[in-house]
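J.: Build me a model from this:
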Amino acid sequence: MNGTATARATGSPTDTGGVNSALIALIVAVATIGGFMFGYDSGVINGTQKGIEAAFDLGRLGIGINVGAILVGSSVGAFAAGRLSDVIGRRNTMMLAAILFIISALAAGAANSSLLFIIARIIGGFGVGAASVTSPVYISEVAPANIRGRLTSIQQVMIISGLTGAFVANFALARFAGGSTAEFWLGYQAWRWMFWLQVIPATIYFVALFFIPESPRYLVVKGHDARAEVVLTRLFGAAEARRKVAEIRSSLAVDHHKPRLSDLVDKTTGKIRPILWAGIGLAVFQQLVGINVVFYYGATLWEAVGFTEDNALQINILSGVLSIGACLLTIALIDRIGRKPLLLVGSAGMTVTLGIVAWAFSNAVPAASGVGVTLPGNTGLIALVAANLYVIFFNVSWGPVMWVMLGEMFPTQIRGSALAVAGFAQWIANALISVSFPSLVLSPGLAFTYLGYAIAALVSFFFVRAAVTETRGRELEDMTG
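T.: Residues are numbered from 1 along each chain as shown. Alright, predicted model coming up:
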């Protein structure tokens, strides 16, 4: 094995070229701050619901709309970003997302009406949607094929870190203030500061993006081969850079034109490409299993079955820590055993654990206070353990793997357009699940709601077996469909 080949295998630079591990690490670290912001902006709502309910005099439907507002923005942001990243570039799209995060955080904390709060959260949703689809595709376009899965999986670690960071911040603010609705600094209630703290990581994200390069594959698509070669030389060395530019250019040569949505239709059959249906299925099933009910309504859910606000917020933190651990396991496995086996294991595990949670809630009885329900005997402990095992199964599989596959499974010519559609579908499914949950708690009830999620997890198992093709170790230029 020659020096360059050795460098590519080990990730260590050599005099003759090779992988620039330090630059790739910087790129991944910066790009995945978008994942952190995605998680923080999504999770911060978890501890603020009492505050917005009291401030804006909301009922259950109103809470669902205010919580779900970010998801409306996210679906639009994901669709727009997929196409926008083909026009202005991956890095510039992430910069725009960072600006939107800052605006949203300031406005949501300052909102004095439900309407203004919803507008602020929709703006934040634009940023979340943009970051959710742009960060993984950007990482996949600069990472070596043999470690692309584990590097892209870091996005999910950062999403969960953002969620956990929001849970910790919410818990700390509520504890110091004496509750989420109690006054804190400068006479403002703690729940408002939960949003304002988000400005700090959002500003770090924006500044850090100036220190990483544009995606070389985007540059080739735009005809800037020389600039792409400079970036690839910094990443992999001069010889490999020339080869990759030629390879990318060759993959576009068959039908080279500016990427457009019509590329998603197979010109031979006149039908939507099968690879897009597979991507949409992955995106939608990731939400139909109900994971964001845990992330958005965790505190409310556990309070509904007898836990205090303080205990419920601590359970959120526990779920976040377990999620990070599960994602780290995925990083160790995804480039060894592949994407499809992890998805199958996750689907099977979620089916069982969600079924147990559904059984536990079927035993709920009215609380002695007349408000909410309680789980008798050890049923509450069983529900808590099963729910956290469900979170582990999700985050060792569908959480990170879906984003990895969306970032790498599509051919270069349609990657931006396909991500726009799949990302839009993912956030629409997210919105449907999240907005409907507060009403489903009342009718048909938690047991039937979780049973529905379990059925979705079971169906996802057979979907993966039938429709998903393994992408482990394949170069992006070799993707077809």
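J.: hey, let's count contacts and neighbours off CA atoms from now on
T.: Noted.
J.: For the stretch 101-250 of the chain, give me the ranges with low pLDDT.
T.: Regions of the stretch 101-250 of the chain meeting the criterion pLDDT under 70 cover residues 179-181.
J.: now the helices for it?
T.: In chain order, the stretch 101-250 of the chain shows helices spanning 114-142, 148-177, 190-196, 199-208, 216-221, 225-236, 238-253, with DSSP state H, counting those that start in this stretch as the criterion.
J.: For the stretch 351-481 of the chain, give me the ranges with low pLDDT.
T.: Along the stretch 351-481 of the chain, segments meeting pLDDT under 70 span 366-374, 438-444, 475-481.
J.: give me that answer again for 90
T.: Counting by pLDDT under 90, the low-confidence segments of the stretch 351-481 of the chain come to 357-388, 391, 395, 399-400, 403-450, 452, 467-481.
J.: now the helices for it?
T.: Listed in chain order, the helices of the stretch 351-481 of the chain (DSSP H, counting those that start in this stretch) span residues 379-395, 398-408, 415-440, 446-467.
J.: Please write out the alpha-carbon positions of the first one in CSV.
T.: Going back to what we said before, that points to helix 379-395. This file holds the C-alpha atoms of helix 379-395, laid out as CSV (Å, rounded to 0.1, in the frame of the first residue of the first chain):
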residue,chain,number,x,y,z
THR,A,379,-46.9,0.6,35.8
GLY,A,380,-45.4,4.1,36.0
LEU,A,381,-41.9,2.7,36.3
ILE,A,382,-42.5,0.2,33.5
ALA,A,383,-43.8,3.1,31.2
LEU,A,384,-40.7,5.2,32.1
VAL,A,385,-38.2,2.4,31.4
ALA,A,386,-40.0,1.4,28.2
ALA,A,387,-40.2,5.0,27.0
ASN,A,388,-36.5,5.5,27.5
LEU,A,389,-35.6,2.2,25.8
TYR,A,390,-37.7,3.5,22.9
VAL,A,391,-35.7,6.6,22.8
ILE,A,392,-32.5,4.5,22.8
PHE,A,393,-33.7,2.4,19.9
PHE,A,394,-34.7,5.4,17.9
ASN,A,395,-31.4,7.2,18.4
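J.: Enumerate the positions of that helix that are buried.
T.: Taking 16 or more other Cα atoms under 10 Å as the neighbour-count basis, helix 379-395 is seen to contain the buried residues 379-380, 382-384, 386-395.
J.: Please apply the same query to the last one.
T.: Neighbour counts using 16+ other Cα under 10 Å place 446-461, 463-464 of helix 446-467 among the buried residues.
J.: same check, this time on the third one
T.: Applying a neighbour-count criterion of 16+ other Cα under 10 Å, the buried positions in helix 415-440 are 415-431, 433-438, 440.
J.: Among the buried residues of helix 379-395, which one lies nearest to Leu96?
T.: Of all these, the one with the least separation from Leu96 (Cα to Cα) is Asn395, at 27.8 Å.
J.: give me every residue that touches the closest one.
T.: Asn395 sits next to 156, 323-324, 326-327, 330 when contact means Cα atoms under 8 Å, 6 or more residues apart in numbering.
J.: Dump those into a markdown table; add distance to Phe236 and secondary structure as well.
T.: Shown next, in a markdown table, are these (distance: Cα to Cα, whole Å; DSSP: H, G, I helix; E, B strand; the rest coil):
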| residue | distance to Phe236 | secondary structure |
| --- | --- | --- |
| Gln156 | 25 | helix |
| Ser323 | 33 | helix |
| Ile324 | 30 | helix |
| Ala326 | 31 | helix |
| Cys327 | 27 | helix |
| Thr330 | 25 | helix |
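J.: Show me just the buried residues among these.
T.: With neighbours counted using 16+ other Cα under 10 Å, these contain these buried positions: 156, 323-324, 326-327, 330.
J.: what would those residues look like in CSV with distance to Met409?
T.: Compiled in CSV, the buried ones among the contacts of Asn395 are given as follows (distance: Cα to Cα, whole Å):
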residue, distance to Met409
Gln156, 17
Ser323, 25
Ile324, 24
Ala326, 23
Cys327, 20
Thr330, 18
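J.: which one in these is the model shakiest on?
T.: The pLDDT minimum for these sits at Gln156, where the score is 76.
J.: Once you drop chain neighbours, what's closest to it?
T.: In space, not counting the residues next to it along the chain, Gln156 is nearest to Pro400; the distance is 4.9 Å by Cα to Cα, 6 or more residues apart in numbering.
J.: Pro411 versus the one you found, what's the distance?
T.: Between Pro400 and Pro411 the computed distance is 20 Å (Cα to Cα, to the nearest Å).
J.: Pick out whichever of the two has more residues nearby.
T.: Taking Pro400 and Pro411 together and counting by other Cα atoms under 10 Å, Pro400 has the greater number of neighbours (31 against 18).
J.: Make sure that one is actually in contact with Ser153.
T.: Yes: counting by Cα atoms under 8 Å, Ser153 is a contact partner of Pro400 at 5.2 Å.
J.: what's the overlap in contacts for the two?
T.: In terms of Cα under 8 Å, 6+ apart, Pro400 and Ser153 are both contacted by the residues 327, 330.
J.: Pipe the helices of the stretch 101-250 of the chain into a markdown table and attach distance to Phe79 per row.
T.: Below are the helices of the stretch 101-250 of the chain laid out as a markdown table (distance: least, Cα to Cα, whole Å):
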| stretch | distance to Phe79 |
| --- | --- |
| helix 114-142 | 8 |
| helix 148-177 | 19 |
| helix 190-196 | 25 |
| helix 199-208 | 21 |
| helix 216-221 | 18 |
| helix 225-236 | 26 |
| helix 238-253 | 23 |
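J.: so what pLDDT did Ile24 get?
T.: According to the prediction, Ile24 has pLDDT 84.
J.: likewise Thr16?
T.: In the predicted model, Thr16 carries a pLDDT score of 37.
J.: Next: Ser262.
T.: The model reports Ser262 with a pLDDT of 64.
J.: let's have the chain start at 370 instead
T.: New numbering, starting at 370: the last item is Ser631.
J.: out of the helices of the stretch 470-619 of the chain, which comes closest to Ile686?
T.: Ranking these by proximity to Ile686 (Cα to Cα) places helix 517-546 first, at 5.8 Å.
J.: Specify the angle between the closest one and helix 483-511 in degrees.
T.: Our comparison of helix 517-546 with helix 483-511, counting by axes from the mean of the first three to the mean of the last three Cα atoms, to 10 degrees, yields an angle of 150 degrees.
J.: Give me the distance from helix 517-546 to the chain's centre.
T.: When C-alpha coordinates are averaged (Cα atoms, centre = their mean, to the nearest Å), helix 517-546 and its chain have centres 11 Å apart.
J.: next one: stretch 695-707
T.: Centre-to-centre, stretch 695-707 and its host chain are 17 Å apart (Cα atoms, centre = their mean).
J.: buried ones in it?
T.: By neighbour count, with 16+ other Cα under 10 Å as the criterion, the buried positions of stretch 695-707 are 695-697, 699-700, 702-704, 707.
J.: No further questions, thank you.
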